[in-house]
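S.K.: How does the following fold in three dimensions:
(chains A and B)
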Amino acid sequence: LAKTTQPISMDSYEGQEVNITCSHNNIATNDYITWYQQFPSQGPRFIIQGYKTKVTNEVASLFIPADRKSSTLSLPRVSLSDTAVYYCLVGLYSSASKIIFGSGTRLSIRP
Amino acid sequence: SQTIHQWPATLVQPVGSPLSLECTVEGTSNPNLYWYRQAAGRGLQLLFYSVGIGQISSEVPQNLSASRPQDRQFILSSKKLLLSDSGFYLCAGHGGRAGGTQYFGPGTRLLVL
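M.R.: Just a heads-up that it's a prediction; the model follows:
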């Protein structure tokens, strides 16, 4: 399983773009990169998933360089409600696969 | 998409008492199922995962056990709770295919006194 490294915490302000980078130097050829968001006393919620290049959905973008050894979650124009812990996971998630979460990045948004 | 049901939402138990937390899944068949525990302000610790009925993999040696008696049912148990078993317990399901995502239940907050 590929180990991931993320900043422990980040601060930003409402209306700003926030970029959270995750390092995964040992990513395997078939691994996907998935980001989750967790609010206090709730289970993590899927945000976005990608394999290579760029993926965009209605809430975020995911940038993956050609070597795939890192990825960046981009949250456009954050609001106070984006204050949460963000987890980067790397894995195949196929049958017989265990899924391990890292420590995550605690994002705090200020007015 | 999958829906994960967990109950109860909150549980207060004395040290030494038994525990049984149930998780059920809707919307998919033959999912991979997971039990995680989260201490206050910490990340998720994988406790058990299962790829099918009766198939349980344990990640952390402890006084907890898990069972999967049916395809969409995953149970976390203990014969005698310890103070250190307190935490937020989350059940998750995954479709078991490459590139899929996990869906989490609402969680059970367990306080052992």
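
S.K.: other SSEs contacting the strand or helix carrying B:Pro69?
M.R.: Applying DSSP states H and E as the criterion places B:Pro69 in strand B:64-70. The elements that strand B:64-70 packs onto, with contact taken as 3 or more Cβ pairs under 8 Å, 6 or more residues apart in numbering or on different chains; DSSP states H and E, are strand B:44-52, strand B:55-58, strand B:73-78. Any C-beta I mention is one placed from the backbone N, CA and C, and that applies to glycine too.

S.K.: Give the burial count for the residue nearest to A:Ser12 when sequence neighbours are not counted, as a bare number.
M.R.: The spatially closest residue to A:Ser12, leaving aside those adjacent along the chain, is A:Val18, at 4.9 Å (Cβ to Cβ, 6 or more residues apart in numbering or on different chains). For A:Val18, the count of nearby residues is 20 (other Cβ atoms under 10 Å in any protein chain shown).

S.K.: what does B:Ser58 give?
M.R.: Neighbours around B:Ser58, by other Cβ under 10 Å: 14.

S.K.: what does B:Val51 give?
M.R.: 19.

S.K.: try A:Thr72
M.R.: Neighbours of A:Thr72 (other Cβ under 10 Å): 16.

S.K.: Let me see the mean pLDDT of the stretch of helix or strand it belongs to.
M.R.: Here A:Thr72, judged by DSSP H and E, is contained in strand A:70-75. If you average the pLDDT over strand A:70-75, you get 97.

S.K.: likewise stretch B:11-25?
M.R.: 96.

S.K.: which residue does chain A bring closest to chain B?
M.R.: A:Gly43 (2.8 Å; Cβ to the nearest Cβ).

S.K.: Show the contacting residues for that residue.
M.R.: B:4, B:90, B:92, B:104-107 (Cβ atoms under 8 Å, 6 or more residues apart in numbering or on different chains).

S.K.: ok, back up a step: the strand holding B:Pro69: which residues count as buried?
M.R.: Within strand B:64-70, the residues scored as buried using 16 or more other Cβ atoms under 10 Å in any protein chain shown are B:64, B:66-68.

S.K.: who does that strand pair up with?
M.R.: Strand B:64-70 pairs in its sheet with strand B:73-78 (antiparallel), by DSSP bridges.

S.K.: Give me the contact list for the helix or strand harbouring A:Ile47.
M.R.: Per DSSP H and E: A:Ile47 is located in strand A:45-50. With contacts defined as Cβ under 8 Å, 6+ apart, strand A:45-50 is touched by A:32-39, A:55, A:57, A:59-62, A:64, A:71, A:73, A:86, B:99, B:101-104.

S.K.: Then stretch B:42-53?
M.R.: Contacts of stretch B:42-53 (Cβ under 8 Å, 6+ apart): A:44, A:87, A:95-96, A:98-104, B:30, B:32-39, B:56-60, B:62, B:64, B:66, B:68-71, B:74, B:76, B:90, B:96.
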